[in-house]
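Trainee: With the input below, show me the fold.
(one chain, ligands or ions: 1)
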Amino acid sequence: MHLLSPQPGDAILDIGCGDAVLTFKIAAAVAPGGGRVVGLDSSASFIRTAREAARGKRLEGCTDFELVDCRVLNPTVVTEAAEDGGDGVRTAHVRTLLQPHSYDKIFSNAAMHWILRSASTRTSFFSDTFHLLKPGGTFAFEMGGHGNINEIHAALVAVLHLSYGIPIAKIQEANPWFFASEPWMREVLQGAGFEVLVCESEERPTKVTEGEGGGLERRMRVMCGAFLELVEEAQKEGCIEKVVQVLGDVCAREDGGVWLGYVRLRALARRPL
Ligand code: BEZ
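Mentor: Residues are numbered from 1 along each chain as shown. Model (predicted):
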C-alpha cells in the first residue's frame with residue numbers, strides 16, 4: 001500500500017477489493033478530508049462481506065462496494081450491472097462510478113492476475129483505468145508476476161494431462177491467471193498513456209504452513225479451482241493429492257518446510273497532467 005500513499009480527501013478506486021481488509025485501511029486514511037473509496041469485485045460473497053463490514057465499522061459514508069467484472073471498466077460498455085433489479089438503478093450507479101476523471105488514485109492488490117486472464121481485455125483494461133483517473137492521478141498495484149508459483153502450475157498441468165487425460169490445450173484454456181512480466185507491463189502501461197514511475201518484480205519464496213493462508217493442499221483448493229473443474233467432482237481430491245506428492249521433493253527445504261516460489265510484480269504509473 002506504500003506506493004498508493006492515500007491522503008485525506010482522496011477519491012480512490014480499489015480494483016478487485018476482495019474482502020476489503022485493505023480498502024478499509026485506505027478509507028481510514030482518506031476519510032478525514034472527505035475522501036472516499038470505491039471497491040469493486042466480481043465475487044458476490046466478497047462484496048456482501050465488504051458491505052456488512054462497512055456497516056459494522058460505520059464507514060458506509062466514505063465507502064461504496066459494487067459487484068463488477070473488472071475486466072471492463074468502461075461506462076459505455078457496461079450494459080447491465082450484475083445486481084440490477086430490472087429498474088436500471090444499479091446500472092446507472094455503476095456507470096456513474098466509472099465516469100472519466102473520477103479518481104485521484106487507483107489501487108489493486110493480488111487481483112490483476114485474475115482480471116488480466118482474458119487476452120481480449122488485457123490491454124483495454126489499462127486504457128479503462130487511465131480514463132478513470134484525473135490528470136496527474138496515479139495507479140498503484142501489485143499482482144503475481146511472471147514465473148509466479150510455476151511449480152504448482154507445472155505439476156497441475158502434468159497431473160491433469162498424464163493422469164486424467166485432459167488435453168494440454170484444454171488445460172491452457174482453463175488457466176485463470178496471467179502473470180505479467182516487467183517488460184510487458186511497462187510497454188502496456190506506456191501504450192495506454194501512463195508515465196511509469198515504478199515497475200519492478202520481486203521473488204518472494206514463501207513457506208506455506210497450515211496456519212496463515214493454509215498449507216499446500218488448502219492453497220490449491222482456494223487458488224486452483226478453475227483447473228480442478230476439469231476433472232470429475234469425485235476425482236478432485238485424488239488430483240490434489242497427486243500434485244502435492246509431485247511437489248513434495250520440489251518444494252521441500254532444509255528446514256523441513258514446504259516453500260512456494262511466489263513472484264510479485266508491482267508498479268506505480270501516473271496519468272500525465
Ligand atoms: C497470488 O497471489 O500469487 C495468487 C493468488 C491466487 C492464485 C494464484 C496466485
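Trainee: neighbours around whichever residue of the stretch 151-273 of the chain sits closest to the ligand, how many?
Mentor: Sorted by distance to the ligand under C-beta to the nearest ligand atom, the residues of the stretch 151-273 of the chain start with Met223, at 3.6 Å. Every residue, glycine included, has its C-beta placed from N, CA and C. Around Met223 sit 17 other residues, with neighbours defined as other C-beta atoms under 10 Å.
Trainee: do you know how far it is from Thr49?
Mentor: 19 Å (C-beta to C-beta, to the nearest Å).
Trainee: Likewise for Cys239?
Mentor: With the distance defined as C-beta to C-beta, Cys239 ends up 29 Å from Thr49.
Trainee: Looking at the two, which is more packed in?
Mentor: Summary of the neighbour comparison: Cys239 and Thr49, criterion other C-beta under 10 Å, with Cys239 having more neighbours (22 against 17).
Trainee: which residues touch that one?
Mentor: By C-beta atoms under 8 Å, 6 or more residues apart in numbering, Cys239 lies in contact with Val159, Leu160, Ser163, Tyr164, Leu228, Val231.
Trainee: And it, what's its pLDDT?
Mentor: The predicted local distance difference test score for Cys239 is 96.
Trainee: downstream neighbour of the helix or strand harbouring it in the secondary structure list?
Mentor: When secondary structure is defined using DSSP states H and E, the element that contains Cys239 is helix 236-250. Once the chain leaves helix 236-250, the next helix or strand it forms, by DSSP H and E, is strand 259-270.
Trainee: for that next one, packing partners?
Mentor: Strand 259-270 is packed against strand 133-144, helix 150-162, helix 182-191, strand 195-207, with contacts defined by 3 or more C-beta pairs under 8 Å, 6 or more residues apart in numbering; DSSP states H and E.
Trainee: strands paired with it, and their directions?
Mentor: Strand 259-270 sits in its sheet next to strand 133-144 (antiparallel), strand 195-207 (antiparallel), going by DSSP bridges.
Trainee: which residues touch the closest residue to the ligand within the stretch 51-200 of the chain?
Mentor: For the stretch 51-200 of the chain, the nearest residue to the ligand under the criterion C-beta to the nearest ligand atom is Gly144, separated by 3.7 Å. Shown in contact with Gly144 (C-beta under 8 Å, 6+ apart): Ala110, His113, Trp177, Phe179, Tyr262, Val263, Arg264, Leu265.
Trainee: at 7 Å instead, please
Mentor: Residues in contact with Gly144, defined by C-beta atoms under 7 Å, 6 or more residues apart in numbering, are His113, Trp177, Phe179, Val263.
Trainee: Which members of those residues are the farthest-apart pair?
Mentor: Trp177 and Val263 (11.8 Å; C-beta to C-beta).
Trainee: on that earlier part again, among the contacts of Gly144, name the ones in strands.
Mentor: Taking DSSP state E, the ones among the contacts of Gly144 that sit in strands are Val263.
Trainee: Keeping just the C-alphas, turn the worst-scoring helix or strand of the chain on mean pLDDT into CSV.
Mentor: For the chain, using mean pLDDT, DSSP states H and E, the weakest element among its helices and strands is helix 216-223, scoring a mean of 90. Output in CSV follows, covering the C-alpha atoms of helix 216-223 (Å, rounded to 0.1, in the frame of the first residue of the first chain):
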residue,chain,number,x,y,z
LEU,A,216,-0.2,-26.6,0.0
GLU,A,217,-3.4,-28.6,-0.2
ARG,A,218,-5.6,-25.7,1.1
ARG,A,219,-4.0,-23.2,-1.1
MET,A,220,-4.6,-25.4,-4.1
ARG,A,221,-8.3,-25.7,-3.3
VAL,A,222,-8.6,-21.9,-3.0
MET,A,223,-6.3,-20.9,-5.9
